[in-house]
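Peer 1: predicted coordinates and the sequence they were generated for:
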There are 2 protein chains.
Amino acid sequence: MVEDIVKSLGFLCLGSRFRRIGERLQADTQRIIEEFGVPIQSAQYPFLAAIDRAGPLTTGQLAQAVGITQPGATRIISQLQELGYVDMQTSVEDQRRKLVSLTPKGRELVDFSKRLVWPRIERAVSELCDDLPGPILEQLTAIESRLADAPLANRGKFDKEQKS
Amino acid sequence: MVEDIVKSLGFLCLGSRFRRIGERLQADTQRIIEEFGVPIQSAQYPFLAAIDRAGPLTTGQLAQAVGITQPGATRIISQLQELGYVDMQTSVEDQRRKLVSLTPKGRELVDFSKRLVWPRIERAVSELCDDLPGPILEQLTAIESRLADAPLANRGKFDKEQKS
DNA sequence: ACGTATTATATAACTTGTTATACAATTTGT
DNA sequence: ACAAATTGTATAACAAGTTATATAATACGT
């Protein structure tokens, strides 16, 4: 057995570690989605959930809601459009904006998912995170809000002792 | 302002959320690496650290040490080879194995990084994670070890009440 | 000892994110 | 009112992971 260097290095490799856990969770979530025979990728689901929750949104708003960049959002939206789950129409007041909304097929998929797929995923992930030594979601929120306040590169420039 | 759907959905989108935090951290770490003018990607660093710590390793051992798949490791190793930081030699006992080791240039980079770059990154990330409401690294370890025990798809198949 | 199974690495095609940039529509300043 | 700046979306090139599969070397069973 080889040492898990990313784990051993701790804070130094936290980015790699978050990412690999995220990738693993997304892949495993995909397995659950497939159990239900839903022909969708796990990365596409948050877009449907966002529109379901907030009504038609523009590309930029969706990117913001899902927390990825606009070009990434553009691509996923066009995939969902190809699959027939959403359609887009240019806004009348501002023709630069494209409003993305659920088609009837998309509505049906969301309703089915809310009833069966999402609860199943949520139960699996809750069980995975059950009895962790701390409130994991709160900590993620704290990390993200700290990163929004100041990028990592502005932190820890000097040893703690030297500060102020 | 648009609601952060990934945050709002909590456990349901934990995979996306871990992944986006990881990507953000890796991108920010890259900025710090660039401050030092080191011509390397943040994803390549763990490979150098693994060899530094454990001596020459095969491609497969490196993949395991870093926690990614073998094809991913193969690619990063050949990048490091192109950059002149590592070289490979087929093992004499088993000619399928390729042993990856640091070149003098790689050794120099690792020594410089251990002295200046890695402590800087570690301080930044520690500060970021300072005073979180829980031991974040321990929780990540717990999540990873639970995932290694049983994939997500085997969890939460029934409501808690129905279990046994 | 020789055919078959296994193991280690390489390669191809894909996924899901990124940054940089182009282009069209709107807004702003004079 | 119109030139310049800004904003919203699209596109291209890239990064870093994935799965599936090929190929070569080794190990195993009869």
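Peer 2: Everything's here; your move.

Peer 1: show residues contacting the helix or strand that A:R75 is a member of.
Peer 2: Assigned by DSSP states H and E, A:R75 belongs to helix A:70-82. With CB atoms under 8 Å, 6 or more residues apart in numbering or on different chains as the test, helix A:70-82 has contacts from A:41, A:43-44, A:47-48, A:59-60, A:62-63, A:66, A:86-88, A:100, A:106. In this view, the C-beta of every residue, glycine as well, is placed from N, C-alpha and C.

Peer 1: quick check, central residue of chain A?
Peer 2: A:V66 (5.6 Å; CA atoms, centre = their mean).

Peer 1: what sits against it?
Peer 2: Applying CB under 8 Å, 6+ apart, the residues near A:V66 are A:P46, A:F47, A:A50, A:A73, B:I5, B:V6, B:S16.

Peer 1: settle this for me: A:K98 is touching A:T59, isn't it.
Peer 2: Yes - the criterion here is CB atoms under 8 Å, and A:K98 meets it with A:T59 at 5.5 Å.

Peer 1: so which elements touch the single longest helix found in chain A?
Peer 2: Using DSSP state H, we find that the single longest helix of chain A is helix A:14-35. Using 3 or more CB pairs under 8 Å, 6 or more residues apart in numbering or on different chains; DSSP states H and E, the elements in contact with helix A:14-35 are helix A:5-9, helix A:118-128, helix B:14-35, helix B:136-149.

Peer 1: how far does that helix sit from its chain's centre?
Peer 2: Using CA atoms, centre = their mean, to the nearest Å, the distance from the centre of helix A:14-35 to the centre of the chain it belongs to is 11 Å.

Peer 1: now it and helix B:136-149, what's the angle there?
Peer 2: Using axes from the mean of the first three to the mean of the last three CA atoms, to 10 degrees, the inter-axis angle of helix A:14-35 relative to helix B:136-149 is 40 degrees.

Peer 1: low-confidence ranges in chain A?
Peer 2: Low-confidence segments of chain A (pLDDT under 70): A:158-164.

Peer 1: would you say A:D87 is within a helix?
Peer 2: No - counting by DSSP: H, G, I helix; E, B strand; the rest coil, A:D87 is not found in a helix; it is strand.
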